[in-house]
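> let's see this in three dimensions:
(one chain, ligands or ions: 1)
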Amino acid sequence: MELQDLNVVVIGAGVGGLAAGALLARKGAMITVLESQEYPGGCAATFFRNGYRFDAGATIGCGFHDCGPMDILGKELGIIWPVSLEAVAWQYRHQSLNLDLPSQRFEILEHFPRSAPFWKEQAELARLLWHLSEGGLSWPAKGVRDLASLARKGIAGLPESAHLFQFTTKTVLEWLANHGLDSDPDFVRFIDAQLLVSVQTTSQYANAVNAAIALDLPVSGAYRVKGGIGRVSELLSKAIEDNGGAVLYRKKVVRIDSVRRQVFGIETADGAAIASDFVLANLSPESLALLTGSENKSAVVMSECPQWSAFVLYLGMDPALFSALPTHHVQIIGASGELAEGNSIFVSFSFDDEPDRAPAGLCAVTISTHTRPEQWFKAKEKGMAAYLELKRAFTEHMLDVLSEQFPQARDAVRSIAAATPVTWERYTGRFQGLVGGYPQTSLFKVRGPATLFDNLFLVGDSIFPGQSLPGVVTGARRAIELLLQRNEKTGREQQ
Ligand SMILES: Cc1cc2nc3c(=O)[nH]c(=O)nc-3n(C[C@H](O)[C@H](O)[C@H](O)COP(=O)(O)OP(=O)(O)OC[C@H]3O[C@@H](n4cnc5c(N)ncnc54)[C@H](O)[C@@H]3O)c2cc1C
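Alright, predicted model coming up:
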């Protein structure tokens, strides 16, 4: 079928769904995005509440550097992103250790001088990976054609890179051990803290290749998105509409109708039925299984590591508390040295030159921590009192960790709200509120966009390469590649 005649329904207006929809709309396909909320963005949305515009989950714009996935996407769609580079990506704090993470690793090298050879390898690997991901990555490979194209791209672009192949099966801890860094608890904690927020697991399990690109973020650049990270999705939605498509809000998909391996329609909660040639599901595999009623849930386990959800505080605060910081983001590991479950927090606050983000003289603050979802759903089952008590305990614990580094923190708080895994499940439609993507433990056990249905593909951070804005955009390109191949094949079969 000609692209102009192709009807594509995208379920969900997260960054992955919108990027795929916008690229296809630009190529001429007819795109309809169905979004259950009133605004786009999902985990990377910015929402309005009591005079504040809070970033819901994601706060750091990444992949906007020259030839990065967001930069290329913007150029292709004619979008000028409202972004500017932050001089310091974020600050890392644990007890008296206080490290700025700018694009040069001076402070890190000063503090951990033995780590220089490790960072040299990381930089080489990241350079190769950014190069490979330019314009999309044909991974997981579906055949010899994909493998050949990857090899061509890698070898042609960076011929000296063959020795980096050894990292594909290494964990980060093994990599650190090669440099004698695994016995330095401060360095391992510093690396683990960065890995947890990016590849969703720590050095013991994280794959070295995934980690290399994640650790590159301060170097490739952390970008401020003016108006809040949700502007990215708003601009992608506009690009779809400018290219003749539609983004419909309050349209919750409740059923995907299929016959054998073919999806033929979508039903929404308000009783509408929509026909489509192809469907792009911006969903987790578990949520997709519920909508199709056919995909075996046990077949969608991504790795041996359990997945995380998030507990997030949305605070109205006096910005004076953060006035000495060289950045708008700070990662704090509490005195216990443990990570997740409120022991480590990531704090982001809005810029004072954005008056629409907060009432006069205040700022909008998002503070997140990783948490296992089960305890939250158990507490909810026990009753509202148990659930609210858990919420209170997490809130207090996170404010304690913040106060370790900023003793006046509690006095600076003007308003407070929280999102638990229960909130995330309701808001994103993801089973157990599993947000942040899958733990990146292996390059060879990853999920691609293909599903049990020939004309239905997954997009979003459940598929390779996983979480983050550039991650889901790279995954969206792979979904489009497979969709177009499938369309071509169907066309040939019908001739
Ligand atoms: C706390 C936190 C902090 C993060 N920090 C960063 C960061 O700083 N930088 C970064 O790059 N990344 C960050 N990430 C990761 C990033 O936000 C995500 O990887 C990315 O936004 C996920 O996009 P997605 O395309 O998978 O869609 P999602 O964000 O999951 O959106 C899916 C959309 O589909 C809709 N939907 C679901 N079910 C249905 C249905 N049945 N019918 C209709 N619509 C439906 C949802 O409402 C939602 O809008 C963070 C994530 C979290 C949770």
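> the closest residue to D257 other than its chain neighbours: neighbour count?
Spatial nearest neighbour of D257, excluding adjacent residues (Cβ to Cβ, 6 or more residues apart in numbering): G265 at 4.4 Å. For every residue, glycine as well, the C-beta is placed using N, CA and C. Other residues lying near G265 total 14 when counted by other Cβ atoms under 10 Å.
> same check on L23?
24.
> so what's it up against?
73, 76-77, 476-477, 480 (Cβ atoms under 8 Å, 6 or more residues apart in numbering).
> which ones among those are found in strands?
Under the assignment DSSP state E, the contacts of L23 contribute nothing to strands.
> what about whichever residue of the stretch 101-250 of the chain sits closest to the ligand, which helix or strand?
Nearest residue of the stretch 101-250 of the chain to the ligand (Cβ to the nearest ligand atom) works out as V197 at 6.8 Å. Assigned by DSSP states H and E, V197 belongs to helix 185-199.
> counting contacts, what elements does that helix pack onto?
strand 88-94, strand 97-102, helix 172-178, helix 208-214, strand 329-333, strand 344-349 (3 or more Cβ pairs under 8 Å, 6 or more residues apart in numbering; DSSP states H and E).
> got the CA positions of the helix or strand of the chain with the lowest mean pLDDT in PDB?
Ranked by mean pLDDT, DSSP states H and E, the weakest helix or strand in the chain is helix 144-157, scoring a mean of 74. What follows is helix 144-157, C-alpha atoms only, in PDB (Å, rounded to 0.1, in the frame of the first residue of the first chain):
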ATOM      1  CA  VAL A 144      21.600 -11.200   8.100                       C
ATOM      2  CA  ARG A 145      20.500  -7.900   6.400                       C
ATOM      3  CA  ASP A 146      20.400  -6.100   9.700                       C
ATOM      4  CA  LEU A 147      23.700  -7.500  10.900                       C
ATOM      5  CA  ALA A 148      25.400  -6.600   7.700                       C
ATOM      6  CA  SER A 149      24.000  -3.000   7.900                       C
ATOM      7  CA  LEU A 150      25.200  -2.600  11.500                       C
ATOM      8  CA  ALA A 151      28.700  -4.000  10.600                       C
ATOM      9  CA  ARG A 152      28.900  -1.600   7.600                       C
ATOM     10  CA  LYS A 153      27.900   1.400   9.700                       C
ATOM     11  CA  GLY A 154      30.300   0.600  12.500                       C
ATOM     12  CA  ILE A 155      33.300  -0.300  10.400                       C
ATOM     13  CA  ALA A 156      32.800   2.400   7.800                       C
ATOM     14  CA  GLY A 157      32.400   5.100  10.400                       C
END
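> what lies in contact with it?
128, 131-132, 137-139, 141, 161-162.
> only whichever of these are buried, select them in PyMOL.
Buried members of the contacts of helix 144-157, defined by 16 or more other Cβ atoms under 10 Å, are picked up in PyMOL with:
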select buried, resi 128+132+137+138+139+161
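> so which of the contacts of helix 144-157 sits lowest on pLDDT?
Ranked by pLDDT, those bottom out at S161, which has 69.
> got the buried residues for stretch 464-475?
464-475.
> so how far is it off the chain centroid?
7 Å (Cα atoms, centre = their mean, to the nearest Å).
> quick one on the thing from earlier: count the neighbours of the residue of the stretch 101-250 of the chain closest to the ligand for me.
Neighbour number of V197 under other Cβ under 10 Å is 22.
> near the ligand, which residues of the stretch 251-400 of the chain show up?
Neighbours of the ligand within the stretch 251-400 of the chain, by Cβ under 6 Å from any ligand atom: 252-253, 282-283, 287, 310, 312, 368.
> from these, which land in helices?
S287 (DSSP state H).
> out of the residues of the stretch 251-400 of the chain next to the ligand, which is most surrounded?
Going by other Cβ under 10 Å, N282 tops these with 32 neighbours.
> longest helix of the protein?
Assigned via DSSP H, the chain shows its longest helix as helix 469-494.
> can you pull the buried residues of that helix?
Per 16+ other Cβ under 10 Å, helix 469-494 contains these buried residues: 469-484, 487.
> what angle separates it from helix 185-199?
Relative orientation of helix 469-494 versus helix 185-199 (axes from the mean of the first three to the mean of the last three Cα atoms, to 10 degrees): 40 degrees.
> and helix 469-494, what other elements does it pack with?
Here helix 469-494 is seen to pack against helix 15-27, helix 69-77, strand 278-281, strand 456-458 when contacts are counted using 3+ Cβ pairs under 8 Å, 6+ apart.
> give me the angle between that helix and helix 69-77.
Going by the same axes, to 10 degrees, helix 469-494 makes 50 degrees with helix 69-77.
> state the mean pLDDT of helix 469-494.
Helix 469-494 comes out at a mean pLDDT of 93.
> show me the beta-bridge partners of the residue of the stretch 151-300 of the chain found nearest the ligand.
The ligand sits closest to V253 of the stretch 151-300 of the chain, with a gap of 3.7 Å, by Cβ to the nearest ligand atom. With DSSP bridges as the criterion, V253 is bridged to T268.
> can you classify the residue lying closest to N210 once chain neighbours are set aside as helix, strand or coil?
Closest residue to N210 apart from its sequence neighbours, by Cβ to Cβ, 6+ apart: Q440 at 3.7 Å. At Q440 the chain is in coil, as set by DSSP: H, G, I helix; E, B strand; the rest coil.
> local confidence estimate at E295?
With respect to pLDDT, E295 has a value of 51.
> any idea how far stretch 205-216 is from the chain center?
That offset, for stretch 205-216, works out to 15 Å (Cα atoms, centre = their mean).
> pLDDT on it, on average?
According to the model, stretch 205-216 has a mean pLDDT of 95.
> and what of stretch 223-232?
Across stretch 223-232, the per-residue pLDDT values average to 98.
> what sits up against it?
15, 39-41, 44-47, 53-56, 58-62, 64, 70, 81-86, 328, 350-351, 354, 356-357, 469.
> tell me, how many residues neighbour the closest residue to I333 other than its chain neighbours?
Leaving out its chain neighbours, the residue that sits closest to I333 by Cβ to Cβ, 6+ apart is H94, at 4.0 Å. By other Cβ under 10 Å, the residues close to H94 number 20.
> cool, and the one 10 residues further on?
Residues contacting Q104 under the criterion other Cβ under 10 Å number 10.
> pLDDT score for the nearest residue to it once chain neighbours are set aside?
Nearest non-adjacent residue to Q104, counting by Cβ to Cβ, 6+ apart: V219, 7.9 Å away. Looking at V219, its pLDDT stands at 95.
> quick one: secondary structure of V219?
Assignment for V219 (three-state DSSP): helix.
> wait, it touches F106, no?
No - look at V219 against F106 with Cβ atoms under 8 Å: they stay out of range, at 11.9 Å.
> so between those two, which is more surrounded?
Neighbours were counted for V219 and for F106 using other Cβ under 10 Å; V219 has more, 19 against 9.
> related to what we said a few turns ago, restrict the buried residues of helix 469-494 to those near the ligand?
Answer for the buried residues of helix 469-494 near the ligand (Cβ under 6 Å from any ligand atom): 469, 472.
> now the residue of the stretch 101-250 of the chain closest to the ligand: how far from K382?
30 Å (Cβ to Cβ, to the nearest Å).
> ok, D100 next?
44 Å.
> same check on K226?
In terms of Cβ to Cβ, K226 sits 43 Å off from K382.
> please identify which of those two sits among more neighbours.
K226 (15 against 12).
> gap between that one and F48?
16 Å.
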